[in-house]
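Undergrad: From the sequence below, what's the structure:
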Amino acid sequence: MVFGCYDPAIDKKGRMAVPAKLREKLGDTFIICRGIFGKRCLCIYSETEWENLVQSIEALPKVKSIDVKRFLYDGTFEVEPDAQGRILIPASLRDFANLTAEVHIIGMGTNLELWNPDAWKEESEKSTPEAIADIMLNLEF
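TA: So this is what the prediction gives:
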């Protein structure tokens, strides 16, 4: 399980250091792609979690899954950290999420989300304590 938030820099070559705690949990190879939940962020998955996502997409009716696959697979890359723990974020993905010199990383349990800091600030302001409480009332634990 990956969680927490981090604010690494992106260098001029488009590389970002993935924090060691996250690399340990994600494994040697990651999958990076566009976010699929209507947000201009990127997602990083371990190979295992990527396979889980792919299986879920395959379970959709073919008419729906084809559009998801076209959107998702067109912007998906396999990346491996270098000796310094950096990954190259492809230019097309940096453009999609408007990532330049800074990135805000959020551990989402099964994957990471990478956000432009300004976009994250705007998004996070929507999650008020009251809104979260309304959602939590529906959970049984």
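
Undergrad: now the most centrally placed residue in the chain, which residues is it bridged with?
TA: Nearest to the geometric centre of the chain sits Cys43, at 1.7 Å (C-alpha atoms, centre = their mean). Per DSSP bridges, the residues bridged to Cys43 are Cys33, Glu113.

Undergrad: thought Gln84 was touching Ala17?
TA: Yes: using C-beta atoms under 8 Å, Gln84 makes contact with Ala17 at a distance of 6.5 Å. The C-beta positions use only the backbone N, C-alpha and C, and glycine is treated the same way.

Undergrad: what about the two, which has more around it?
TA: Set side by side, Gln84 and Ala17 show more neighbours around Ala17, with 17 against 7, by other C-beta atoms under 10 Å.

Undergrad: how far does stretch 36-49 sit from the chain's center?
TA: Between the centre of stretch 36-49 and the centre of its host chain there is 4 Å, according to C-alpha atoms, centre = their mean, to the nearest Å.

Undergrad: Helix, strand, or coil at Glu51?
TA: Secondary structure state of Glu51, per DSSP: H, G, I helix; E, B strand; the rest coil, is helix.

Undergrad: Look up how far Asp11 lies from it.
TA: Using C-beta to C-beta, to the nearest Å, we find Glu51 at a distance of 30 Å from Asp11.

Undergrad: Would you map the strands across this protein?
TA: Listed from the start of the chain, the chain has strands (DSSP state E) covering 2-6, 15-17, 30-34, 42-46, 77-79, 86-88, 104-109, 111-115.

Undergrad: residues in contact with the first one?
TA: For strand 2-6, the surrounding residues in contact (C-beta atoms under 8 Å, 6 or more residues apart in numbering) are 19, 21-22, 25-26, 104-112.

Undergrad: try the last one
TA: Contacts to strand 111-115, defined as C-beta under 8 Å, 6+ apart, come from residues 2, 16, 22, 26, 35, 39, 41-46, 49, 89, 97, 99, 103-106, 123.

Undergrad: what's near enough to touch the residue nearest to the centre of the chain?
TA: The neighbourhood of Cys43, defined by C-beta under 8 Å, 6+ apart, consists of Ile32, Cys33, Arg34, Gly35, Ile36, Asn111, Leu112, Glu113, Leu114.

Undergrad: and which of the residues you listed is nearest to Val79?
TA: Of all the contacts of Cys43, Ile32 has the smallest distance to Val79: 5.4 Å, by C-beta to C-beta.
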